[in-house]
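>>> one predicted model, sequence on top.
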Amino acid sequence: MTSDIIVFPCLSDNFGYLIHDPATKATASIDAPEAAPIIAALRQKGWTLTDVLITHHHQDHVGGVAELKQMYKCRVTGPHDKTAPIAHVDQRVREGDLVKIGSLAARVLETPGHTLDHISYFFDAERALFAADTIFSIGCGRVIEGNAAMMWHSLLKLRALPDDTRLYCGHEYTLANIKFALTIEPDNAALQARAAQAAEQRKAGRPTVPTLMGEEKKANVFLRADVASVAAKVGLSGKDAADVFGEIRERKNRFS
Ligand SMILES: [Zn+2]
């Protein structure tokens, strides 16, 4: 049995996601940036919200939870509290836990770095990864609460997923990410191809997600800190991949 996944914009640049199980009619929202577009998407599809899967405590990921819970009496799943508590959570999960959405199952991957509580949800059978602010297409989240080594370890965990995994990330940052990535790897053919594809997608008013992990592994410079030519490019040949990653992340922070 396959699932239906829909993508729609929320706030200024967040993605809203619904995953629906046709067999049981169960429907989950991945995070809840704001309630209104999620409710509109549910109504348009004729679906009823049964679950919200929260990835981390930032307001642009949980801002709509209270309203959705009140309206649908849905079950809210989220990470264990670390730096900031998340309200309205019914079930707290950790690494390896399975969350059932009807007959669908999401495996919890702890991916700290952007925040200490950040988790990602991987639907094994659907090959669908919801990674919020850990990895973006051709980018990754800012390392706000963790450190570079922690974030690199989280990215390695996601990089180990199958190449045909569809990545659904938290924000539409792809074009800006590509602009930066090209400063490190101007000759990367996979990155150049992604640049052309993403420009076309945005021109047509379409989202740049999902993207395939297999493509990200080739084109996303933040997943490539252990590639010798990338380390050389940032002047850290032979250095630890976590340090190379940290340097790339620092350069992205300064990039405008
Ligand atoms: Zn965030």
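Ah, there it is.
>>> for the ion, what are the nearby residues on the stretch 101-250 of the chain?
residue 133 (CB under 5 Å from the ion). All C-beta spots, glycine's among them, are computed from the backbone N, C-alpha and C.
>>> what residue in the stretch 101-250 of the chain comes nearest to the ion?
residue 133 (3.8 Å; CB to the ion).
>>> quick one: contacts for that residue?
Residue 133 makes contacts with 55-56, 58, 61, 114-115, 118, 141-142, 169-171, as judged by CB atoms under 8 Å, 6 or more residues apart in numbering.
>>> would you say residue 247 is within a strand?
No: Residue 247 is assigned helix when assessed by DSSP: H, G, I helix; E, B strand; the rest coil, not a strand.
>>> please name the bridge partners of residue 93.
residue 79 (DSSP bridges).
>>> where does pLDDT dip in this protein?
1 (pLDDT under 70).
>>> which parts of it are helices?
35-45, 59-62, 65-72, 148-159, 174-184, 189-203, 213-219, 228-233, 241-254 (DSSP state H).
>>> ends of stretch 18-29, how far apart?
Taking CA to CA, to the nearest Å, the first and last residues of stretch 18-29 lie 5 Å apart.
>>> ok, residues contacting it?
1-6, 16-17, 30, 38, 41-42, 45, 47-53, 68, 101-104, 106, 123, 126, 128.
>>> for that stretch, list every residue counted as buried.
By neighbour count on 16 or more other CB atoms under 10 Å, the buried set for stretch 18-29 is 18-21, 26-29.
>>> how about these in CSV, adding distance to residue 159?
Below are the buried residues of stretch 18-29 laid out as CSV (distance: CB to CB, whole Å):
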residue, distance to residue 159
18, 26
19, 22
20, 28
21, 28
26, 30
27, 29
28, 25
29, 26
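>>> from those, pick the one nearest the ion.
Nearest to the ion out of the buried residues of stretch 18-29 is residue 29 (CB to the ion; 16.3 Å).
>>> how far away is that closest one from residue 80?
20 Å (CB to CB, to the nearest Å).
>>> for residue 122, same thing?
The separation that residue 122 has from residue 80, given CB to CB, amounts to 18 Å.
>>> now swap in residue 44 and tell me
With distances taken as CB to CB, residue 44 is found 34 Å from residue 80.
>>> between the two, who's got more neighbours?
residue 80 (14 against 10; other CB atoms under 10 Å).
>>> what about residue 115, how many residues nearby?
So residue 115, with other CB under 10 Å, has 26 neighbours.
>>> contacts for stretch 89-98 next, please.
By CB under 8 Å, 6+ apart, the surrounding residues in contact with stretch 89-98 are 54, 75-81, 99, 105-110, 119.
>>> now with 6 Å, please.
75-78, 80, 105, 107-108, 110 (CB atoms under 6 Å, 6 or more residues apart in numbering).
>>> which parts of it are buried?
So, applying 16+ other CB under 10 Å, buried residues of stretch 89-98: 89, 92-93.
>>> any chance of those residues in JSON lines, plus distance to the ion?
Output for these, formatted as JSON lines (distance: CB to the ion, whole Å):
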{"residue": "89", "distance to the ion": "17"}
{"residue": "92", "distance to the ion": "18"}
{"residue": "93", "distance to the ion": "18"}
